[in-house]
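# following is a predicted model, sequence given first.
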Amino acid sequence: MSKLQVTTSINGEEIDFLCEPQETLLQVLRETLGKTGTKEGCATGDCGACSVLVDGRLVCSCLVLAVESQGKEITTIEGIALPDGLHPIQQKFLDHAALQCGVCTPGLIVAAKALLEKHADPDEETIRYWLAGNLCRCTGYDKIIRAVQDAAKELAHPA
Amino acid sequence: MGAFAYVAPSTLDEALAVLGQHASQGRRAQLLAGGTDLLVQIRSADRTPRTIVDIKNLAETNRLDLGSDAIYIGAAIPSAVLNENKELVSLLPGVLEAADLIGSTQIQGRATIGGNLCNASPAGDSIPALIAAGGVCVIAGASGTRELPVEKFVVGVGRNALQPGELLLGIKFKRPAPRSADAYLRFIPRTEMDIAVAGCGVSVTLDAGGTCTAARVAIGAVAPTALLVPAAGEALVGTQLDDAALAAAGAACTAASSPITDKRGTAEYRRKVVAVLCRRAGAIARDRARS
């Protein structure tokens, strides 16, 4: 079957790629484009490790066909850092030791960014519900919640 | 995933032509909206379709109308987008809270009510809520458009009433009368990210004195398909939706259910819980209709 050509924007950069109809956005990101920051966990939309933004909307890239990203703006973990250093969410994950093995971390940071763009000052319950689709088997979640709360504060009142 | 072709028609005529071609040749075309069920299913090799027809580029499946007489929700609109529309949430709070229960934030960003309905899971959360709210499926096919009440759309476990060559464009509702409201509740053993053990949608209309003049009750996850329970609605009409009336409606739900025993719950437990959900969802719908 002939490959499909897809034109998309990834982290602000216009990118053309070729894909098979059955390839997922996650596969193309990792295998075709070498953007391996986005992780595969379950490949069934349950774990959130492959979270990316498509036109600003948080989705699991394992449940998006790559060809569906034609004309869309994709943001991956590689597009989160600021020109002069880490994004405050990334820095707070480090400060709070909100990661151990790190497989869930890119997805959690992308999901947290989407959360803080929608709710600048979320309470703990809002954070926990928003991140319920991002599984972490190491941290027990508390440190992640603290990191997101702290990042929200930092973004509201930059030091 | 096995190999398939992908098309994303930009007009309904084009979509129907592709579907019609496949139907006449006996080839399986699979409709794609949010893909949150579909992509998981086609990873099992035996479910690979010949062609995936992405319906997200059609005007008819993306339209949201909040008219003075009718409401129309396009089948390809993600739940997260619907739940950001405050007017829609205020008009059909039960349908929207049901849609909001389906999966995580990530799933909400893609999953659609139309897809939840077409997937036809016995435990699909939006289906009892759509039935209670009087939803009607708008279906396009080669010979034009037909309409089918939601309670007749799901015909079995994982099976819907779409014929080869047809697609679901959206779901329409009468705009709720004054002092009307709906509600949906499900039971799961945790607080988020789970599949209903039982679910119940209730829609009520009150007169100025608070007497119920119309009611629809539907149950989910307690039978092969979500069911409209006319006897439960009848138990509510003419009452003040007091505890006794709600209990009678709950008993009608238990009587109408035919649940299975599985790892999520026993049949006996489901029969009991569906009555509790009916009472509680009925009270929420009543309180919303009063306010």
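Cool, the structure landed.
# now do the buried residues in stretch B:281-288.
B:281-286, B:288 (16 or more other CB atoms under 10 Å in any protein chain shown). (Glycine included, C-beta is placed from N, CA and C.)
# make a markdown table from the residues you listed and add distance to chain A and secondary structure to it.
Listed next are the buried residues of stretch B:281-288 as a markdown table, based on distance: CB to the nearest CB, whole Å; DSSP: H, G, I helix; E, B strand; the rest coil:
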| residue | distance to chain A | secondary structure |
| --- | --- | --- |
| B:Ala281 | 21 | helix |
| B:Gly282 | 25 | helix |
| B:Ala283 | 23 | helix |
| B:Ile284 | 19 | helix |
| B:Ala285 | 23 | helix |
| B:Arg286 | 26 | helix |
| B:Arg288 | 22 | helix |
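# what about the nearest residue to A:Cys104 once chain neighbours are set aside, neighbour count?
Excluding its sequence neighbours, the residue lying closest to A:Cys104 (CB to CB, 6 or more residues apart in numbering or on different chains) is A:Cys136, at 4.4 Å. By the criterion of other CB atoms under 10 Å in any protein chain shown, A:Cys136 has 23 neighbours.
# what about the most centrally placed residue in chain A, distance to A:Trp130?
Compute the mean C-alpha point of chain A, and by CA atoms, centre = their mean the closest residue is A:Val110, 3.0 Å away. Distance, A:Val110 to A:Trp130, using CB to CB, to the nearest Å: 12 Å.
# how many neighbours does B:Gln21 have?
Neighbours of B:Gln21 (other CB under 10 Å): 13.
# residue in the stretch 151-291 of chain B nearest to chain A?
Closest approach between the stretch 151-291 of chain B and chain A, counting by CB to the nearest CB: B:Glu192, at 4.4 Å.
# let me know whether that residue touches A:Tyr129 as I believe.
Yes: in this structure, B:Glu192 is within contact of A:Tyr129 by CB atoms under 8 Å, at 6.2 Å.
# that older thread, who's in contact with the residue of the stretch 151-291 of chain B closest to chain A?
Contact analysis of B:Glu192 by CB atoms under 8 Å, 6 or more residues apart in numbering or on different chains lists A:129, A:132, B:104.
# got the phi and psi for the second one?
Geometry field for A:Ala132 lists phi and psi as phi -60, psi -20, criterion degrees, to the nearest 10.
# so which elements touch the helix or strand where B:Ala129 lies?
Under the criterion of DSSP states H and E, B:Ala129 resides in helix B:126-132. Contact here means 3 or more CB pairs under 8 Å, 6 or more residues apart in numbering or on different chains; DSSP states H and E; on that basis helix B:126-132 packs against helix B:93-100, helix B:113-119, helix B:150-153, strand B:180-187, strand B:198-206, strand B:212-220, strand B:227-228.
# now do 7 Å
Other helices and strands packing on helix B:126-132, by 3 or more CB pairs under 7 Å, 6 or more residues apart in numbering or on different chains; DSSP states H and E, are helix B:93-100, helix B:113-119, helix B:150-153, strand B:180-187, strand B:198-206, strand B:212-220.
# beta partners of the residue lying closest to B:Arg146 once chain neighbours are set aside?
Leaving aside its chain neighbours, B:Arg146 sits nearest to B:Ile139 (5.1 Å; criterion: CB to CB, 6+ apart). For B:Ile139, the beta-bridge partners under DSSP bridges are B:Arg146, B:Leu168.
# same question, B:Thr112
Counting by DSSP bridges, B:Thr112 forms beta bridges with B:Pro78.
# now for it: which residues touch it?
B:33-34, B:75-79 (CB atoms under 7 Å, 6 or more residues apart in numbering or on different chains).
# hmm, 6 Å instead?
B:33-34, B:76, B:78 (CB atoms under 6 Å, 6 or more residues apart in numbering or on different chains).
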